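>>> Any chance you could fold what I've pasted below:
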Amino acid sequence: MHPVNSLAHGALTAVERTPSPLCKPSGRFSERKKVNYISGLKYSRDKNKSQFNAVMAAAVKSDAILFFAGEERVLSGEAHSRGEIDLPGAQRELISELSKAGKPLIVVVMAGRPLAIGDEMNDADAVLYAWHGGSMAGPALADLIFGKESPSGKLPVTFVKGSGQIPFYYYHKNTGRPAFPRSWIPIDSIPIDYIQASEGCKYVAYGLWVHTAAALRVRSQLYHFQLQ
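Prediction:
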């Protein structure tokens, strides 16, 4: 990738607990070069388009556009299926608008599953599928974007065109836990920054009661709590 004088970020915001990709690119520019960072959406399911004009204004005065897309971690994982596997919220619309800015558009997708991004691939000049990385994913992505390293991951999964194409295989019996009214949660009803229960959890035996009726019975209650 050639050096650029400025770079526009139409990124999703999150609590900065680890180095983000924004930190590393900023350090690669001289004093005359800068990053025009704009938070286009507050979270992946956000449908508020009030920042679209600000994002486009930053894009037209930049040499290249770097858009971070994807889904929050709570939307994927064990027992976290989705009815539609495209980019949630207004991300699709924002990428479509950015593609009209006349600048190179690089889309970085951070998601826990292979999403249906056919339209986004048509609009973007380059797509980097980063999945949900670890604590140093930000600096690693910066190295990939600026050409210090080359993406070399091998895909063990198939990217489908849409939910209607699932299951993609035909030789395997469909199993799993079908949705029912009590287990189904509308995607817009999931709290922002919600931590999925299967991550970082620990089960402990807390509280012990001994009852001597006809026989000795020991009962324990398990409390499921989230490590902060």
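
>>> element containing residue 35, please.
Per DSSP states H and E: residue 35 is located in strand 34-41.

>>> can you give me the strands in the protein?
Counting by DSSP state E, the chain has these strands, from start to end: 6-12, 34-41, 64-70, 105-110, 126-129, 201-212, 216-226.

>>> The second one pairs with which strands, and in what direction?
I take that to be strand 34-41. strand 6-12 (parallel) (DSSP bridges).

>>> Assess the claim that residue 144 and residue 128 are in contact.
Yes - between residue 144 and residue 128 there is a contact at 6.3 Å, judged by Cβ atoms under 8 Å. C-betas here are computed from N, CA, C, even on glycine.

>>> joint contacts of these two?
When contacts are counted by Cβ atoms under 8 Å, 6 or more residues apart in numbering, residue 144 and residue 128 are jointly contacted by residue 151.

>>> isn't residue 121 right up against residue 129?
No - taking contacts as Cβ under 8 Å, residue 121 lies outside contact range of residue 129: 10.1 Å.

>>> Check whether residue 139 really touches residue 19, as I assumed.
Yes - here residue 139 lies in contact with residue 19, judged by Cβ under 8 Å, at a distance of 5.6 Å.

>>> Who has more neighbours out of these two?
residue 139 (18 against 15; other Cβ atoms under 10 Å).

>>> quick revisit: determine which of the strands of the chain shows the lowest mean per-residue pLDDT.
With a mean of 37, strand 216-226 has the lowest mean pLDDT of those.

>>> now residue 65: how far from residue 126?
Distance from residue 65 to residue 126, counting by Cβ to Cβ, to the nearest Å: 11 Å.

>>> pLDDT-wise, which helix or strand of the chain ranks last?
Here the helix or strand of the chain ranked lowest by mean pLDDT, DSSP states H and E is strand 216-226, holding a mean of 37.

>>> who has more neighbours, residue 65 and residue 126?
Using other Cβ under 10 Å, the more surrounded residue of residue 65 and residue 126 is residue 65, with 27 against 14.

>>> what about residue 132, neighbour count?
When counting by other Cβ under 10 Å, one arrives at 15 neighbours for residue 132.

>>> pretty sure it contacts residue 109?
No - assessed by Cβ under 8 Å, residue 132 is found out of contact with residue 109, at 10.4 Å.
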